[in-house]
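Student: okay, sequence plus prediction incoming.
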Amino acid sequence: MPDPQAAPTNREAGEQLHLTLPRVDGDSVALGDLQGHVVVLEVSATWTENWRDSFTRYNALVREHPDQVTAVLLLVDPRRDVLSPEPVVREPGFILGWDPQGAVAAQLQLATFPTVLVLDRDGKIAHISAGARPTAQQLRGWVTPLLAAQ
């Protein structure tokens with residue numbers, strides 16, 4: 001079994017990420033449509049501990065950087081009712097995704113949940129973290145330099 005820290009995904013830093021992510025409302029969002037924003041994509045599962053804590057963290061992040069950062073929490077679970085009611089209202093720029101079959105996780109060949117991919121404004125992977133939810137401080141440390149780069 002692969003080491004989730006050494007190889008959390010089949011993708012690498014610097015790689016352009018082309019994915020269409022299913023949203024909880026039944027629509028979808030293509031990562032290419034988010035270019036110009038720094039994107040934080042967390043792929044997780046509802047059976048992981050404290051998955052709802054991500055709402056607070058990502059709401060704060062998009063509030064801190066309106067129109068510059070998009071946060072996507074993509075949850076794997078076959079049951080839609082597990083996601084309802086949502087723990088808090090999502091701020092603009094915070095997208096909740098639902099991947100009932102785990103298709104995106106399979107496409108990325110994720111080794112563990114949660115896995116976080118941070119994309120620069122051009123949609124290239126700038127950072128990958130797996131196995132633990134990032135703290136607000138870690139998120140700022142990954143996002144701030146990408147926002148400064150023009």
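Tutor: In hand now; what should we look at? Numbering: from 1, shown residues only.

Student: buried set for stretch 90-106?
Tutor: 90-91, 93-99, 102, 104-105 (16 or more other Cβ atoms under 10 Å). For glycine as for every other residue, the C-beta is placed from the backbone atoms N, C-alpha and C.

Student: could I get the residues you listed as JSON lines with distance to G141?
Tutor: Below are those laid out as JSON lines (distance: Cβ to Cβ, whole Å):
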{"residue": "R90", "distance to G141": "23"}
{"residue": "E91", "distance to G141": "21"}
{"residue": "G93", "distance to G141": "19"}
{"residue": "F94", "distance to G141": "19"}
{"residue": "I95", "distance to G141": "22"}
{"residue": "L96", "distance to G141": "24"}
{"residue": "G97", "distance to G141": "24"}
{"residue": "W98", "distance to G141": "29"}
{"residue": "D99", "distance to G141": "27"}
{"residue": "G102", "distance to G141": "29"}
{"residue": "V104", "distance to G141": "25"}
{"residue": "A105", "distance to G141": "25"}
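
Student: which of those fall in helices?
Tutor: Among the buried residues of stretch 90-106, DSSP state H puts 104-105 in helices.

Student: identify the farthest-apart pair in the buried residues of stretch 90-106.
Tutor: Greatest spacing in these, by Cβ to Cβ: E91 and G102 (26.5 Å).

Student: can you list the buried residues of stretch 90-106 in CSV and add distance to Q16 and pLDDT?
Tutor: CSV is the format used below for the buried residues of stretch 90-106 (distance: Cβ to Cβ, whole Å; pLDDT from 0 to 100):
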residue, distance to Q16, pLDDT
R90, 26, 86
E91, 27, 88
G93, 21, 94
F94, 23, 94
I95, 19, 94
L96, 24, 93
G97, 19, 94
W98, 24, 93
D99, 21, 94
G102, 23, 93
V104, 16, 95
A105, 19, 92
